[in-house]
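>>> Sharing a model that was predicted from the sequence below.
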Amino acid sequence: MKKLLSIVVPCYNEDLAVPKFYDEVVKVCEEMEKRWVVEFEFVFVDDGSRDRTLAVIEDLHEKDSRVKFVSFSRNFGKEAALLAGLEYAKGDFVATMDVDLQDPPALLPEMYGAVENGEYDSAGARRVSRKGEPLIRSFFARIYYRLINRLSKVEMIDGVRDFRVMSRKMVDAVIGMPEYNRYSKGIFSFVGFKTKWVEFEHVDRVAGETHWSFWKLFLYGIEAICAFSTVPLVLSAVLGLLFCFIAFVMIIVIIVKTLAFGDPVGGWPSLICAVLMMGGLQMMALGVMGQYLAKTYLETKRRPIYIVRRTEKDL
Ligand code: UDP
Ligand code: MG
């Protein structure tokens, strides 16, 4: 029986990259058809692009009926686009990859080979070098991964991209996680399954530019920590306890000192410091709690993760 491999591609303002991506991938697919009994479906998810991305994809669909698409009513973010693609894909195997060719399609055969015979449930690509990236960003990335792995039981591996080939079972497991705050890296890791890692060197974008500023990455990082760890809540409680203990010891010291040496007025500066520090810590703990509360609030609203405006069935 012919197996169907769906290739899911989130696109946001990528009218220059889409045709290049399509050409590259089709070449690789032809190679794969020689090796395996496999056919393909390309699911482009247009994440509310404001340029000609949708038109470009529709043209591709005219030429090649294997090209399917889902177009959102506005920009919902890459995580939403990935979910929509996974839900839409009908394949026995599903691959997810970026449209900017930073996920080299040349790796597809190797990744497909690992899952095709059932040996692995998923194959993921791992970027082993970060060259071409600002040094400061690599530095923070490294610290960040160390931090999140300490905080979360779900393992997050540095350099892992959203470039994967998955079996139907794993795809269904990923779709079955209905959370609103989606952090794919964590979700893929959470569902488990046997994963093979394929390593590769950093590749630059073919066209357009990245949608991630440092600030956006920072917020995304915090989001990920909230989504996969509750340790910050425990930490604020522990800090509170620690400072209570310190205060208690200091009270005793002061009482003893006063009894022994009388009561000269002094220590105002240190008092103010202590007050400020406690105030700061309290605000911080409140902020941490607020983060989780906000996430809970958004989850309980049960808003749709994405809204579809158009698919190829509407043509
Ligand atoms: N993307 C998306 N929605 C967004 C932002 C990005 O679907 O709101 C897509 C984008 O078109 C690309 C992929 O996600 O296919 C990765 O984006 P980008 O290349 O900007 O991220 P980077 O590779 O720099 O991490
Ligand atoms: Mg990219």
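Structure received. Ligands and ions are numbered 1, 2, ... in the order given.
>>> residues from this protein in reach of ligand 1?
10-12, 14, 47, 75, 77-78, 81, 98-100, 102, 210-212 (C-beta under 6 Å from any ligand atom). C-betas here are computed from N, CA, C, even on glycine.
>>> now these: which count as buried?
Taking 16 or more other C-beta atoms under 10 Å as the criterion, what is buried in the residues of the chain next to ligand 1 is 10-12, 14, 47, 75, 77-78, 81, 98-100, 102.
>>> Show me the subset of those residues that also lies near ligand 2.
Among these, the residues lying close to ligand 2 (C-beta under 5 Å from the ion) are Asp98, Asp100, Gln102.
>>> coming back round to it: adding pLDDT and secondary structure, write the buried ones among the residues of the chain next to ligand 1 out as a markdown table.
Formatted as a markdown table, these follow (pLDDT from 0 to 100; DSSP: H, G, I helix; E, B strand; the rest coil):
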| residue | pLDDT | secondary structure |
| --- | --- | --- |
| Pro10 | 94 | strand |
| Cys11 | 93 | strand |
| Tyr12 | 92 | coil |
| Glu14 | 88 | coil |
| Asp47 | 93 | coil |
| Asn75 | 91 | coil |
| Gly77 | 88 | coil |
| Lys78 | 90 | helix |
| Ala81 | 94 | helix |
| Asp98 | 91 | coil |
| Val99 | 91 | coil |
| Asp100 | 87 | coil |
| Gln102 | 84 | coil |
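>>> So of those, which two are at opposite extremes in space?
Farthest-apart pair in those is Asn75 and Gln102; separation 19.7 Å (C-beta to C-beta).
>>> Okay, now the unreliable bits of the stretch 51-200 of the chain?
132 (pLDDT under 70).
>>> which other residues reach stretch 25-41?
1-7, 42, 64, 66, 68, 89-91, 105-106, 108-109, 112-113, 116 (C-beta atoms under 8 Å, 6 or more residues apart in numbering).
>>> now, which of the residues you listed lie within strands?
Lys3, Leu4, Leu5, Ser6, Ile7, Phe42, Lys68 (DSSP state E).
>>> just to revisit the earlier point, tell me which two of the residues of the chain next to ligand 1 sit farthest apart.
Top of the distance list for the residues of the chain next to ligand 1 (C-beta to C-beta): Asn75 and Gln102, 19.7 Å.
>>> would you list every one of the helices in the stretch 151-300 of the chain?
Along the stretch 151-300 of the chain, the stretches classed as helices by DSSP state H, counting those that start in this stretch are 168-175, 184-191, 214-228, 231-261, 268-301.
>>> mind putting the buried ones among the residues of the chain next to ligand 1 in JSON lines, distance to Leu293 included?
Listed next are those as JSON lines, based on distance: C-beta to C-beta, whole Å:
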{"residue": "Pro10", "distance to Leu293": "30"}
{"residue": "Cys11", "distance to Leu293": "34"}
{"residue": "Tyr12", "distance to Leu293": "30"}
{"residue": "Glu14", "distance to Leu293": "36"}
{"residue": "Asp47", "distance to Leu293": "28"}
{"residue": "Asn75", "distance to Leu293": "26"}
{"residue": "Gly77", "distance to Leu293": "22"}
{"residue": "Lys78", "distance to Leu293": "25"}
{"residue": "Ala81", "distance to Leu293": "27"}
{"residue": "Asp98", "distance to Leu293": "33"}
{"residue": "Val99", "distance to Leu293": "36"}
{"residue": "Asp100", "distance to Leu293": "36"}
{"residue": "Gln102", "distance to Leu293": "36"}
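>>> Return the member of these nearest to Arg164.
Checking these one by one against Arg164 (C-beta to C-beta), the nearest turns out to be Asp98, at 11.4 Å.
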